[in-house]
Every structure is written in C-alpha cells, then in structure tokens.
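Novice: Pasting the sequence and the predicted coordinates here, then a few questions.
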Amino acid sequence: MAYGRPDFITTRLLDDDTMEHLNHCLPDGYRINPRQVRAYSRPTMFGSTAGPWGGIGGAAMTTFQITMLVQGNLAVVFVDEKPFGYTIKPGAGQLLIDGDLPLEGADVMRFPQ
C-alpha cells in the first residue's frame, strides 16, 4: 500500500463542496475533519473500464487510484478524486488497514451520485 502525504491528499480531495456532500451523506454523529484523517492511497486495476462503479464498461484492464481517508472507525473511500462510499468498523477502536481497501460487498456504503 502506498502512503501519500496526508496534508496534500486531504487538501486536494476535501474541498468545501466535497466536505458538504460527505457530511450530508454520512450517518448521524460522523463528520470528517481534514486535520484528523490518515490518508492511504494506491492504484488498483479492474477488469472493466467501469472499475469499482459497476455497470456497463468496456472489457479492458483499467487502473483507478483508490484512496481511503481514515478517521477513528470511519473510512471514506475515493475512486480517483470522486467520493465512492464509506465503511464503519463497529465499536470504538481505530479502523486498521490490512493491505486491502474495502470496495466490494456490504463493507462499503455507496454515496448517492
């Protein structure tokens, strides 16, 4: 997993409009604070041009930059520079990144488009 400069990543991804959208979509009691997040990012290859978004895409291997901003037990997932969804680890502990970024299954609640 690649670790980027958190200050650069969060400044680039968390502009005012995105912050408003994220905080509106997150469950009650969860808000992103750009000063408290840890940023993890890596390129990930998908077997379709639709990537993690699903739907109809060309059958070509395509790379997307997947970024997770982790704050406590909340992780917000971005695909390239677009908010994708979030995951919350039950309990009060810190969300630990084990080398895989959760993008499939019930782990990630998708943001409305």
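Specialist: Structure's in. What do you need? None of the values given here were measured: they were computed from a predicted structure.

Novice: beta partners of the residue positioned nearest the centre of the chain?
Specialist: Centrality entry for the chain: nearest residue to the mean C-alpha point is residue 77, 0.7 Å, by C-alpha atoms, centre = their mean. With DSSP bridges as the criterion, the beta-bridge partners of residue 77 are residue 68, residue 85.

Novice: contacting residues around residue 71?
Specialist: For residue 71, the set of contacting residues under the criterion of C-beta atoms under 8 Å, 6 or more residues apart in numbering consists of 32, 33, 36, 37, 38. For every residue, glycine as well, the C-beta is placed using N, CA and C.

Novice: The residue nearest to the centre of the chain touches residue 67, doesn't it?
Specialist: Yes: taking contact to mean C-beta atoms under 8 Å, the distance of 7.3 Å between residue 77 and residue 67 places them in contact.

Novice: hey, what's in contact with both of the two?
Specialist: Residues touching both residue 77 and residue 67 (C-beta under 8 Å, 6+ apart): there are none.

Novice: what about the helices in this structure?
Specialist: Counting by DSSP state H, the chain has these helices, from start to end: 6-13, 16-25.

Novice: Please work out how many residues are found near residue 86.
Specialist: The burial count assigned to residue 86 is 23, neighbours taken as other C-beta atoms under 10 Å.

Novice: what's the distance between it and residue 67?
Specialist: Taken as C-beta to C-beta, to the nearest Å, the spacing of residue 86 relative to residue 67 amounts to 13 Å.

Novice: I'd like to know which of the contacts of residue 71 are buried.
Specialist: For those, burial is judged from neighbour counts taken by 16 or more other C-beta atoms under 10 Å, and it is met by 32, 37, 38.

Novice: Find me whatever residue is spatially closest to the last one, sequence neighbours aside.
Specialist: The reference is to residue 38. Taking C-beta to C-beta, 6 or more residues apart in numbering as the measure, residue 38 lies nearest to residue 70, with 4.7 Å between them; neighbours along the chain are not counted.

Novice: The one you found contacts residue 36, correct?
Specialist: No: shown here, residue 70 and residue 36 do not form a contact pair, counting by C-beta under 8 Å, at 9.6 Å.
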